[in-house]
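Peer 1: could you look at this predicted model? Sequence included:
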Amino acid sequence: MKRVLITGATSGIGKQTAILLCAKGYEVIIHGHNKSKIELCINEIKNKIPQAHLGSIYCEFDEYKSITSIVQKELSGQQIDVLVNNASHINKQRREIDGIEATFVENVISPFIFTCAVLPYLKPTGKIIFVTSNCHSNYLNLDLMNSMDHDYFQIYENTKTCEIALSIYFSENTPFTCFSVHPGIYNSNLHNSYWGDCGIDSSECNCLFNMIESEEVESGKYYDQCRISIAANQVYDKKFRKDLLLLLKEKTSIDSQALLQSFSKAK
Ligand SMILES: NC(=O)c1ccc[n+]([C@@H]2O[C@H](COP(=O)([O-])OP(=O)(O)OC[C@H]3O[C@@H](n4cnc5c(N)ncnc54)[C@H](OP(=O)(O)O)[C@@H]3O)[C@@H](O)[C@H]2O)c1
């Protein structure tokens with residue numbers, strides 16, 4: 001049985017993907033940062049699909065320093081086929097975590113740490129998916145994260161660009177199939193916090209499920225729904241990716257280059 005770990009699976013697109021996967025016989029590990037929402041989500045899926053195989057992992061992405069030890073404890077002895085980095089947040093008011101803008105922590109720093117921590121548990125044929133958005137910014141400016149002039153949507157767009165860059169970085173430096181996906185526009189908590197309650201219900205979203213099932217996906221690519229597309233120029237710029245990784249190393253103390261080297265030797 002294939003095992004898929006989905007971050008932010010307690011609602012919206014992540015939850016819908018978990019439902020489709022359980023119905024198809026996958027085991028799904030539901031990640032969330034609210035214990036009662038994780039329980040509600042698991043009960044809802046079990047009510048729909050009594051034979052569903054479900055696990056869970058509780059991990060607050062605001063508390064990025066504890067992510068590695070949580071993942072090591074929770075995944076010990078398990079092997080993962082697919083990691084879906086789906087969790088995301090928009091902070092309308094400026095908030096900082098250890099002096100770092102909170103959206104950058106939640107959407108970039110924590111998924112980066114989470115992914116590095118999950119790598120040893122991925123099967124050699126594993127996939128890593130970064131759920132990004134077609135509203136990712138073409139004008140990425142990492143200094144924005146330090147600006148007191150809090151343009152929260154621009155910051156969100158910037159974090160979605162960083163996620164695409166990270167998917168390319170992991171595709172170049174690990175043996176796994178790593179790619180990014182814009183899942184389509186759906187009514188969800190995150191979507192509604194910016195655009196209001198409108199659009200297609202997230203229970204209609206089958207894009208991530210299709211990408212998980214597909215044998216055809218190409219590592220390093222950006223997909224707009226299920227089609228290969230071209231992302232913002234910057235993500236293809238090695239210098240930009242290097243600057244992003246240096247920033248992540250400075251903020252997290254994770255030397256991903258060293259980690260990935262030792263990791264590929266171990267494989
Ligand atoms: N909906 C769209 O139209 C759309 C379009 C393009 C891209 N996307 C992308 O699709 C992905 C899923 O979003 P969605 O639309 O389905 O929104 P959603 O329903 O709000 O899902 C976001 C998930 O992330 C979790 N999360 C938020 N802050 C967190 C934190 N600090 N620590 C851990 N988990 C946290 C949420 O948990 P709680 O609910 O408990 O806070 C929730 O499970 C995101 O990456 C988003 O950028 C969505």
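Peer 2: Ah, there it is.
Peer 1: ok, which stretches of this structure are strands?
Peer 2: Ranges of strands in the chain, per DSSP state E, are 3-6, 27-32, 53-58, 80-85, 96-97, 100-101, 122-131, 177-182, 186-187, 200-201, 222-224, 227-229.
Peer 1: can you pull the pLDDT of the residue nearest to Gly12 when sequence neighbours are not counted?
Peer 2: Once its chain neighbours are removed from consideration, Gly12 has its nearest residue in Ser188; the separation is 3.3 Å (C-beta to C-beta, 6 or more residues apart in numbering). All C-beta spots, glycine's among them, are computed from the backbone N, C-alpha and C. According to the predicted model, the pLDDT of Ser188 comes to 93.
Peer 1: quick revisit: now for the strands of the chain, which one comes closest to Asp143?
Peer 2: If you check each of these against Asp143 by C-beta to C-beta, strand 100-101 wins as the nearest, at 10.7 Å.
Peer 1: who touches that closest one?
Peer 2: Asn91, Arg94, Arg95, Ile109, Met145, Asn146, Ile155, Lys251 (C-beta atoms under 8 Å, 6 or more residues apart in numbering).
Peer 1: can you do 10 Å?
Peer 2: Residues from elsewhere that reach strand 100-101 (C-beta atoms under 10 Å, 6 or more residues apart in numbering): 64, 91, 94-95, 108-109, 144-148, 150, 152, 155, 158-159, 247, 251.
Peer 1: please pick the buried ones from those.
Peer 2: Neighbour-count burial (16 or more other C-beta atoms under 10 Å) applied to these gives Tyr64, Asn91, Val108, Ile109, Leu144, Met145, Tyr152, Ile155, Asn158, Thr159, Leu247, Lys251.
Peer 1: what does this structure put close to the ligand?
Peer 2: Proximity of the chain to the ligand is assessed by C-beta under 6 Å from any ligand atom, with 8, 10-14, 32-34, 37, 60-62, 86-89, 106, 131, 133, 182-183, 185-186, 188-191, 202 identified as the residues in range.
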